[in-house]
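1. with the sequence up front, the predicted model follows.
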Amino acid sequence: MTTAAPHDVPHTVQAGTPDLAARFPGLVAPDERSGYSGWIVTADHLVQVATALRDEFGYDLLSSVTGVDYLPEGKMEVVYHAFKTTGGPGICFKVQTGRDDPQVPSLVSVYPGAELQEREAWDLLGIKFTGHPDLRRILMWEGFNGHPLRKDWQEPYYEDEAKPFKSRSPEGHVYRFEDRNPFGDNVRYPEDFDPEKWTPENPEDLLYKSLKTYQAESPDGIETDHIVVNMGPQHPSTHGVFRFVVALDGEKIVNLKPVMGYLHRNHEKIGERNTYLMNMPYTDRLDYLSPMSNNFAYALTVEKLMGITPPERAEYIRVIMAELTRIANHCMCIGSLLNDLGAFFTPMIYLLEERDLILDVFEATAGSRMMVNYFRFGGVARDIPEDALEKIKGLAFERLPRILDEMDRLMSENEILRARGIGQGVLTAEDAIRYSATGPLLRGSGVPYDIRRADPYSIYDRFEFDIPVGKNGDIYDRYIIRLEEMRQSVRIIQQALKQMPEGPVMVGKPQYQFRPPVGESYGRVEGPKGELGFYIVSNGKPTPWRYHVRAPSFINLTAFGPMCVGQKVADTVAILGSIDIVLGEVDR
Amino acid sequence: MSENELNSPGYDIPPELQGQVAITTLDRLYNWGRRSSVWPLMFGLACCAIEMIVSQASRYDLSRFGMEVMRPSPRQSDLLLISGTVTKKMVPLLVRLYNQMPEPKYVVAMGACASGGGPFKEGYNVVSGIDRYLPVDVYIPGCPPTPQALINGLIRLQEKIDKQSIKQVPWYRKEPIEAIPIPILGPDLIDPRKIPQIKNRKAQEG
């Protein structure tokens, strides 16, 4: 049951985007596969085209870089999505290469924000980016066998290409995965692997080598070197299991490398075996502080692929839930930022109280405090119950505006926050764009880029709200912006509550399994942490062929190292707190 | 020694001393002190850690049970709360943290992932439950467990502590307690205890 592809038309240049084929004849060709859009660039000219896109056409923000393994065609493809920080639709360009030894020129020289994402594509798909300054594995460890997201790579508990697994359904046999694995565990070793003859290499060696910036010899012949300090993954201020390594000259930081993957739970590999709807609860666990927003982005992406739109009431419920999530997330973020600065747990307790009130609404509506699994393709799972709606009204019109003013009085003039926040961890507007920062981190640096305004999705074009922008790009600005964003979210919720019509919350019958038309889709929302995007490739089967998450916390970390250089170790904690990361999303 | 025997001293207090003297067993006193001051390691792994933080805050207030002092150092803590998915990259560090904790120490597996892999079990980088490496005292179901469920699990741990006897606890024996061998990151995660099995797998598979 394939429906006709909504965009099954001859390739035309999307309105408002440049015609690259005319600008680069012979080097760029339109992507003419059915359901696809964008441009295919020859690998040799990628850097040239990207430079022109950035300098001539103004696509200064490289949002997403990811790879796709087209196993049947024997090709690897790297997909880039770039946007203008002045707003408008984005542009998508791709590079194709062979599967055996995939090599693509690195774009780090043009868009430094590609650094971590290219490392991820190397780690998970084995695509070599020539010219990348530091191409190491990022989520798995050095020495891991294989590149897991390749379509012919099978995990140790591999059972079948796609769910529902035939062994379970329809017969309903249930057994434990472990019983089928020769080691009774989730492991697999290469055929000729002998642990007694194997000499372990230290997986950290490459990391420490990449940190070395200089080795000077003083005139009296004594060698000097930097001090290397590890922080995390077990550290109370890393917001989870994040780790970073700093090289110190005295007390000053000269280099900082983030190390991640300690919570890499294989979201994308599992997602490519799941049916589309099965992925919805997994998205909750990405950024577990703002599950509604994750649901929103995923639902939008699949709806774009299927060509359906939810009914009016569902749109309003979505906006209300997404904005409530933003408030809950910023409560947690500001609370833990103040925690890190030394105001231990007092602001946190105040803010967690408000967060709990919002979670009560989620629990009444979706059935769970944190893992809501609330959005569906074409609507939401159920309507807001009457008493929960009353609670939202009480929060939006009465409690939250008052509490936010109180928080402002309590914290904004706080000496600790001002002394450690003002002028610290500065990220200039140019750097923020270069490092592909989004969300409060980008706006704190003075770039008024909010997807709700720049490229409106859902019904955000109907509401009046301001986009708070910082001046100095320091820690304090990011804090103020989050506080102000909460106020704006309250404003949006107030308007949405007044305008919300009655009606159904779901278009058509709920579908548990469906086959979207062949094609690709990139959907994004302004999540509380930044631009949350999903890139999905469908080959017409009930499971996605490629399922990629453009995680804002992950990409915002690209700017973390440069921001910390020149600061003290104690400031890294505050800077990290002001970026606001969640490890579920960083590592996925 | 049965629980009843453990907790009743078997002496009557003479009437003239009632209200002034209390008689209890050493076990009960010892366990009362330990169960009312469980110091968890301040260490969150994933989503469950957020519910752990919320349990500490005003609405649920874990300090009612004497468990609010979270220590960032394993040397000062006696409860390892595994609050989230354990990945292969993380498990060597977790085992090391456990080995660094002084006895008496307890492990609580919070949530589906820590108990058995949970929704991410099939993932290539996920350990199917922390109990493959560490001895777990209490499992708390849920994804994530609500703060109430967490508190319930910790009360179960207190009940477990109540049943221990100073005469039998392993940390007062003469023989040393063996540290758990730390897993190695090779082409895949290698459990040192399984090296012979990995070596001889051809024989086993055949």
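-> On my side now, so go ahead. For clarity, every value in this text was computed on a predicted model and none was experimentally measured. Numbering: from 1, shown residues only, chains lettered A, B, ... in the order given.
2. got any ranges where chain B has weak pLDDT?
-> Residues of chain B meeting the criterion pLDDT under 70: B:1-9, B:202-206.
3. please enumerate the helices of the stretch 101-250 of chain A.
-> Counting by DSSP state H, counting those that start in this stretch, one finds helices in the stretch 101-250 of chain A at the ranges A:115-125, A:205-211.
4. measure A:Asp461 to chain B for me?
-> Distance, A:Asp461 to chain B, by C-beta to the nearest C-beta, to the nearest Å: 33 Å. C-beta: built from backbone N, CA, C; applies to glycine.
5. who's in contact with A:Pro18?
-> A:53, A:57, A:91 (C-beta atoms under 8 Å, 6 or more residues apart in numbering or on different chains).
6. cool, B:Lys105 as well?
-> Listed by C-beta under 8 Å, 6+ apart, the contact set of B:Lys105 reads B:77-80, B:98.
7. keep only those of those residues that are in strands.
-> Among the contacts of B:Lys105, the members falling in strands (DSSP state E) are B:79-80.
8. just the buried residues from the contacts of B:Lys105, in ChimeraX please.
-> Selecting only the buried entries of those in ChimeraX, with 16 or more other C-beta atoms under 10 Å in any protein chain shown as the criterion:
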select /B:77,78,79,80,98
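9. thinking again about what came up before, out of the helices of the stretch 101-250 of chain A, which is closest to chain B?
-> Closest approach to chain B among the helices of the stretch 101-250 of chain A (C-beta to the nearest C-beta): helix A:115-125, 10.3 Å.
10. tell me if that closest one is near chain B.
-> No: when contact is scored as C-beta under 8 Å from any C-beta of the partner chain, no part of helix A:115-125 falls within range of chain B; the minimum is 10.3 Å.
11. helices or strands next to that helix in the packing?
-> The contact analysis (3 or more C-beta pairs under 8 Å, 6 or more residues apart in numbering or on different chains; DSSP states H and E) places helix A:115-125 against strand A:61-70, strand A:128-130, helix A:552-556.
12. what's near enough to touch the residue of chain A found nearest chain B?
-> Of all residues in chain A, the one sitting closest to chain B is A:Asn266 (3.2 Å; C-beta to the nearest C-beta). Applying C-beta under 8 Å, 6+ apart to A:Asn266 gives the contacts A:148, A:155, A:588, B:120, B:122-126.
13. try 6 Å this time
-> B:123-125 (C-beta atoms under 6 Å, 6 or more residues apart in numbering or on different chains).
14. next one: A:Phe244
-> A:231, A:256, A:258.
15. and it, what are its bridge partners?
-> Beta-bridge pairing of A:Phe244 under DSSP bridges involves A:Met231, A:Pro258.
16. go on, the one 5 residues further on?
-> A:Asp249 has the following beta-bridge partners by DSSP bridges: A:Lys252.
17. helices along the stretch 351-500 of chain A, start to end?
-> In the stretch 351-500 of chain A, the helices defined using DSSP H, counting those that start in this stretch lie at A:386-393, A:400-407, A:415-421, A:429-434, A:440-444, A:451-454, A:475-499.
18. now render the ones you listed as JSON lines, adding distance to chain B, mean neighbour count and mean pLDDT.
-> Shown next, in JSON lines, are these (distance: least, C-beta to the nearest C-beta, whole Å; neighbours: other C-beta atoms under 10 Å in any protein chain shown; pLDDT from 0 to 100):
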{"stretch": "helix A:386-393", "distance to chain B": "15", "mean neighbour count": "15", "mean pLDDT": "92"}
{"stretch": "helix A:400-407", "distance to chain B": "14", "mean neighbour count": "16", "mean pLDDT": "92"}
{"stretch": "helix A:415-421", "distance to chain B": "20", "mean neighbour count": "16", "mean pLDDT": "88"}
{"stretch": "helix A:429-434", "distance to chain B": "28", "mean neighbour count": "19", "mean pLDDT": "91"}
{"stretch": "helix A:440-444", "distance to chain B": "20", "mean neighbour count": "30", "mean pLDDT": "92"}
{"stretch": "helix A:451-454", "distance to chain B": "25", "mean neighbour count": "20", "mean pLDDT": "89"}
{"stretch": "helix A:475-499", "distance to chain B": "18", "mean neighbour count": "21", "mean pLDDT": "92"}
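19. possible to save these as CSV with distance to A:Ser538?
-> Listed next are those as CSV, based on distance: least, C-beta to C-beta, whole Å:
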stretch, distance to A:Ser538
helix A:386-393, 35
helix A:400-407, 40
helix A:415-421, 45
helix A:429-434, 32
helix A:440-444, 31
helix A:451-454, 23
helix A:475-499, 31
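20. wait, is A:Ala52 part of a strand?
-> No: looking at A:Ala52 with DSSP: H, G, I helix; E, B strand; the rest coil, it is helix, so not inside a strand.
21. ok, which of the helices of the stretch 101-250 of chain A comes nearest A:Ser436?
-> A:Ser436 lies closest to helix A:115-125 among the helices of the stretch 101-250 of chain A, at 8.1 Å (C-beta to C-beta).
22. what mean pLDDT would you report for that closest one?
-> Average pLDDT, helix A:115-125: 92.
23. what's the answer for stretch A:130-138, then?
-> pLDDT averaged over stretch A:130-138 gives 89.
24. of the contacts of A:Asn266, closest to chain A?
-> Distances from chain A to the contacts of A:Asn266, taken by C-beta to the nearest C-beta, are shortest for B:Gly123, at 3.2 Å.
25. quick check: which of the helices and strands packed on helix A:115-125 is buried the most?
-> Of all the helices and strands packed on helix A:115-125, helix A:552-556 carries the top mean neighbour count, a mean of 29, counting by mean count of other C-beta atoms under 10 Å in any protein chain shown.
26. packing partners of the helix or strand just after that one?
-> Using DSSP states H and E, the helix or strand that follows helix A:552-556 in sequence is helix A:560-564. In terms of contacts (3 or more C-beta pairs under 6 Å, 6 or more residues apart in numbering or on different chains; DSSP states H and E), helix A:560-564 is packed against strand A:252-259, helix A:569-579.
27. the last one - contacts with which helices or strands?
-> This means helix A:569-579. Contacts defined by 3+ C-beta pairs under 6 Å, 6+ apart place helix A:569-579 against helix A:312-341, helix A:475-499, helix A:560-564.
28. redo that, cut-off 8 Å
-> Under the contact criterion of 3+ C-beta pairs under 8 Å, 6+ apart, helix A:569-579 touches strand A:227-231, strand A:243-249, strand A:252-259, helix A:312-341, helix A:415-421, helix A:440-444, helix A:475-499, helix A:560-564.
29. export the helix or strand just after it as CSV, just CAs?
-> Next along the chain after helix A:569-579, taking DSSP H and E as the criterion, comes helix A:583-587. The C-alpha trace of helix A:583-587 is given here as CSV (Å, rounded to 0.1, in the frame of the first residue of the first chain):
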residue,chain,number,x,y,z
LEU,A,583,24.0,13.2,27.5
GLY,A,584,21.2,11.2,26.1
GLU,A,585,21.2,13.5,23.2
VAL,A,586,25.0,14.1,22.9
ASP,A,587,25.7,10.4,22.6
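30. what helix or strand is B:Ile82 on?
-> Following DSSP H and E, one finds B:Ile82 within strand B:79-83.
31. now do that strand: everything it contacts.
-> Residues outside strand B:79-83 that contact it (C-beta under 8 Å, 6+ apart): B:38-41, B:43-46, B:48-49, B:51-52, B:67, B:74, B:94, B:97-98, B:101, B:105-111, B:114, B:130, B:134, B:136, B:157.
32. no further questions, thank you.
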